[in-house]
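S.K.: Model the following, please.
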Amino acid sequence: MDVRIFDTKEQAAQDAFKVIEKAKKDGAKTFGLATGSTPEPLYDVIRESDLDFTDSVALNLDEYAGLDSSDPQSYAYFMKKNLFDAKPFKETHIPNGLAEDSDAETKRYDEIIANNPIDVQVLGIGPNGHIGFNEPGTSFDVTTRLVDLTPETIDANKRFFDSEEEVPRQAFSMGIKTILQSDLIILLAFGANKAKAVKGMIEGPVTEEVPASVLQQHDNVIVYLDADAASQLEK
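M.R.: Okay, the predicted model is just below:
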């Protein structure tokens, strides 16, 4: 792993943008994109840039089950607001949160990914070490599927909703096997609440109990941290 530590998340986002810009100039066409507050500084920089994605494909990492794409809490809505409205892509793909047949939906999404291999995957990390919605205990061999969210993840996401009861209990998510097939992985982590997970990801053993630790086995990962997220690292 290439671990880069900055004083602020804004500085980290500026550097991550340069990596994406170079990858695109080198021919990257398909971008796996994450949601949530962590990638927002990066998307801010992209929106303000002159980088053109009209020849590119976007593949969203996950989506809540039970939410329509027009719901302000859906990840489809988030991506439109934070990136796609300002930076249109040739194609954008996000799991259908209202899919009645979850098996058919995950198969459909895996086929889209197979037809559009991911050149650059942007990730965050949960306080429990999850990537996407691949919670602790998830097999490293899974692809896209419908997952049950842990109480810890529900608690972490309740700040985006009016109440904890409104937080969906399930989500569609790319699997760890899918994520590892990306050519380049950029993981962002900011804040002291991510420090334990970051330490486990970088310095701990590779274990399904810390899903992000599997990134130690990928040969092209850049980790962007602010000082707080890096505070428990020893090396």
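
S.K.: so who does residue 156 touch?
M.R.: 126-127 (C-beta atoms under 8 Å, 6 or more residues apart in numbering). From N, CA and C alone the C-beta is placed, and that goes for glycine too.

S.K.: Please identify which helix or strand holds it.
M.R.: If you go by DSSP states H and E, residue 156 is part of helix 151-157.

S.K.: What are the buried residues along that helix?
M.R.: Buried positions in helix 151-157, judged by neighbour count with 16 or more other C-beta atoms under 10 Å: 153-154, 156-157.

S.K.: List phi and psi for the residue lying closest to residue 154 once chain neighbours are set aside.
M.R.: Nearest in space to residue 154, with sequence neighbours left out and distances taken as C-beta to C-beta, 6 or more residues apart in numbering, is residue 167 at 4.9 Å. The phi/psi pair for residue 167 (degrees, to the nearest 10) reads phi -70, psi 130.

S.K.: re earlier: and the helix holding residue 156, C-alpha only, in CSV?
M.R.: Provided in CSV are the C-alpha atoms of helix 151-157 (Å, rounded to 0.1, in the frame of the first residue of the first chain):
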residue,chain,number,x,y,z
PRO,A,151,-26.1,-2.2,14.0
GLU,A,152,-22.8,-0.3,13.9
THR,A,153,-23.2,0.7,10.3
ILE,A,154,-26.8,1.7,10.9
ASP,A,155,-25.7,3.8,13.8
ALA,A,156,-22.9,5.4,11.7
ASN,A,157,-25.4,6.3,8.9
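
S.K.: quick one: average pLDDT of that helix?
M.R.: What helix 151-157 shows for mean pLDDT is 78.

S.K.: Now the element after it, going C-ward?
M.R.: Helices and strands here follow DSSP H and E; after helix 151-157, the next one along the chain is strand 170-173.

S.K.: What lies in contact with the very next helix or strand once past that following strand?
M.R.: Remark: after strand 170-173, the chain's next helix or strand is helix 176-180, criterion DSSP H and E. With C-beta under 8 Å, 6+ apart as the test, helix 176-180 has contacts from 32, 61, 110, 113, 118, 121, 123, 131-132, 134, 138-144, 185, 211, 214-215, 217-218.

S.K.: Need the nearest residue in space to residue 109, chain neighbours excluded.
M.R.: Residue 109 sits nearest to residue 144 (C-beta to C-beta, 6+ apart), 4.6 Å away.
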